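Undergrad: Any chance you can model this:
(chains A and B)
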Amino acid sequence: MTLPQLGPEEIRRYSRHLIMPEVGTEGQRRLKAARVLMIGGGGLGSPIGLYLAAAGVGTLGLVEFDTVDESNLHRQVLYGRSDVGRPKLDAAMDRLGEVNPLIQLVPHNTRLDSGNALKLFEGYDIVVDGTDNFPTRYLVNDACVLTGKPNVYGSIFRFEGQVSIFWGAQGPCYRCLFPEPPPPGLVPSCAEGGVLGVLPGIIGSLQANEVIKLILGAGDPLIGRLLLFDALRLRFRELKLKKDPNCPICSAHPTQTGLIDYEQFCGIAPEAEEPEEADFDIQVDELARWRDQGRDFTLLDVRNPMEYEIARIEGAKLIPLHELRDRLNEIDTAADLVVHCHHGPRSAQAVGFLRQMGFARARNLAGGIAAWSREIDPEVPQY
Amino acid sequence: MSITIHIPTPLRRFTAENGEVEVEGQTVGEALKDLTRRHPSLERHLYNDQGALRSFVNVFLNDEDVRHLERDGTAVKAGDTLSIIPSIAGGGR
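TA: Predicted coordinates:
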């Protein structure tokens, strides 16, 4: 392949790269020729996008469909105050275009799914995974294996991060390490478990570093190695990863040769099939009526104590989800029971468990304390 | 003989927030059993109802995946480190 030439403006901009032998003019031309697809413009995507744009990656695509929320700003440094409420894709294109107008930015305003992933990935050399859920992680992995692209992987939870390059053609893939996803609800998301704001900055920067090295062909890429980072203790550790000879997708004899339904694979039932949904959930306005009518019910808050300190609904009893099993004796079995969390997933899990345990009148407050604050009592802070 | 087990963040709420637990045992399986004896609420997160390690729980002896060694039966010696590596999916959305 003939590498594109650098213009005078590019030579000025990238001069600190050009004078290093590990990059040089040829390396910078490789960067200019490279096509990198970012999945997600969130906490990880912010530093990935900023550094790859600044470094002069010639074609930078972004898949994103979310809008900027105020609670994103403590970590998603791609966005500012005035972007709140805007589509992330628009805000990201503006910001990255400002960082480097000499590159081509390609917005993909879509949710990545089994129907569009392969075609999308075909147009790129490298995929960077900055998504926030298991179904998309397995989808990105499988689509990368099927199209032969390296998947520069990063993942974060609270104070802990993981980085690797999963590349079926050269080493293990994500499924060699994690053959099966954990059951839904077992591993909390960032929205439920929280995340240290600077952590995605560190992990995303490491991903950007690996992308640039892959493009340059420089150094030792993080293939077959899993880097673990603990921000609290400030420790990096490294584990060896091996290709699973029986991997269903990247082994020599794959049992899966196309994309599948990843929601189903991760045990997430389609919403329409949820039984007794109306009975399972209670809406905030109905709960407000119960309260105004003086009806006798128990309101159970299953969030963690830190969240309870930030905001609470008057009269709620706090039993964090992970303590529920051991503290069932504190709950009145006879009364109506309404369970809430921040947005609803944890309380839905709690209600499922409580019903199994015989609390037939347990119901889930749809939308959680966030909906309560928004629709009933604005005095309760949003977080 | 003492083995150190690294506990990942998502599971630390079951170990009184300890990131490292010292255990005893001759094999990976014994060391993990000693861990769940010390912290019983961890058990259902590591093992299924049949008593086998859950498929999404990865255990590394030093820097090697025990699936590529002898799994539960892998011998351990004093000073070894076991790490439980969880699936985490967060991207900071």
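Undergrad: When you work out contacts or count neighbours from here on, use the C-alpha atoms and nothing else.
TA: Noted.
Undergrad: Give the burial count for residue 72, as a bare number.
TA: This is for chain A. The number of residues packed near A:Asn72 is 19, by other Cα atoms under 10 Å in any protein chain shown.
Undergrad: not what I meant, chain B
TA: 17.
Undergrad: How about it: what's its closest non-neighbour residue?
TA: Nearest residue to B:Asp72 in three dimensions, chain neighbours excluded: B:Gly29, at 4.3 Å (Cα to Cα, 6 or more residues apart in numbering or on different chains).
Undergrad: ditto for A:Gly123
TA: A:Arg35 (7.7 Å).
Undergrad: Next, count neighbours for the one you found.
TA: The number of residues packed around A:Arg35, counting by other Cα under 10 Å, is 21.
Undergrad: So the residue nearest to B:Asp72 versus B:Phe60, what's the distance?
TA: According to Cα to Cα, to the nearest Å, B:Gly29 and B:Phe60 sit 12 Å apart.
Undergrad: Point to the residue nearest the middle of the chain.
TA: I'll assume chain A. A:Asp132 (1.4 Å; Cα atoms, centre = their mean).
Undergrad: please go with chain B instead
TA: Central residue of chain B (Cα atoms, centre = their mean): B:Ile84, at 4.3 Å.
Undergrad: near chain B, which residues of chain A show up?
TA: Counting by Cα under 8 Å from any Cα of the partner chain, the positions of chain A adjacent to chain B are A:40, A:42-45, A:72, A:75-76, A:130-134, A:137, A:154-160, A:177-182, A:187-191, A:195, A:200, A:238-242.
Undergrad: who has more neighbours, B:Gly29 and B:Phe60?
TA: More crowded of B:Gly29 and B:Phe60, by other Cα under 10 Å: B:Phe60, with 23 against 18.
Undergrad: Now do the contacts for the more buried one.
TA: A:239, B:66, B:82-85 (Cα atoms under 8 Å, 6 or more residues apart in numbering or on different chains).
Undergrad: still on that earlier bit, now for the helix or strand hosting the residue nearest to B:Asp72, which elements pack on it?
TA: Using DSSP states H and E, the element containing B:Gly29 is helix B:28-38. Judged by 3 or more Cα pairs under 8 Å, 6 or more residues apart in numbering or on different chains; DSSP states H and E, the packing partners of helix B:28-38 are strand B:20-24.
Undergrad: Identify all contacting residues around the strand it packs on.
TA: For strand B:20-24, contacts defined as Cα under 8 Å, 6+ apart pick out B:1-7, B:30-31, B:34-35.
Undergrad: Specify the angle between that strand and helix B:28-38 in degrees.
TA: Strand B:20-24 and helix B:28-38 are oriented at 110 degrees to each other (axes from the mean of the first three to the mean of the last three Cα atoms, to 10 degrees).
Undergrad: Residue ranges in chain A under the pLDDT threshold?
TA: Chain A contains residues with pLDDT under 70 at A:185-192, A:269-278, A:333-334.
Undergrad: In three-state terms, label the residue of the stretch 151-300 of chain A found nearest chain B for me.
TA: Chain B sits closest to A:Leu239 of the stretch 151-300 of chain A, with a gap of 4.4 Å, by Cα to the nearest Cα. Each residue gets one of three states, and A:Leu239 gets strand by DSSP: H, G, I helix; E, B strand; the rest coil.
Undergrad: Setting aside sequence neighbours, what's the nearest residue to it?
TA: Excluding the flanking residues, the one nearest A:Leu239 by Cα to Cα, 6+ apart is B:Asp63, at 4.4 Å.
Undergrad: Also A:Tyr262?
TA: Excluding the flanking residues, the one nearest A:Tyr262 by Cα to Cα, 6+ apart is A:Pro135, at 4.9 Å.
Undergrad: any idea which element that neighbour lies in?
TA: Here A:Pro135 is assigned to helix A:134-147, by DSSP H and E.
Undergrad: Next SSE downstream of that helix?
TA: Assignment by DSSP H and E places the next element after helix A:134-147 at strand A:151-157.
Undergrad: mind listing what's buried in the helix or strand of chain B with the lowest mean pLDDT?
TA: Each helix and strand of chain B was given a mean pLDDT (mean pLDDT, DSSP states H and E); the minimum falls on helix B:43-46 at a mean of 84. Within helix B:43-46, the residues scored as buried using 16 or more other Cα atoms under 10 Å in any protein chain shown are B:43, B:45-46.
Undergrad: from these, which single one is nearest chain A?
TA: Nearest to chain A among those: B:His45, at 8.5 Å, using Cα to the nearest Cα.
Undergrad: separation between the residue nearest to A:Ala288 when sequence neighbours are not counted and A:Phe297?
TA: Excluding the flanking residues, the one nearest A:Ala288 by Cα to Cα, 6+ apart is A:Ile376, at 7.2 Å. A:Ile376 sits 18 Å away from A:Phe297, taking Cα to Cα as the criterion.
Undergrad: One more: B:Leu11?
TA: Going from B:Leu11 to A:Phe297 by Cα to Cα gives 33 Å.
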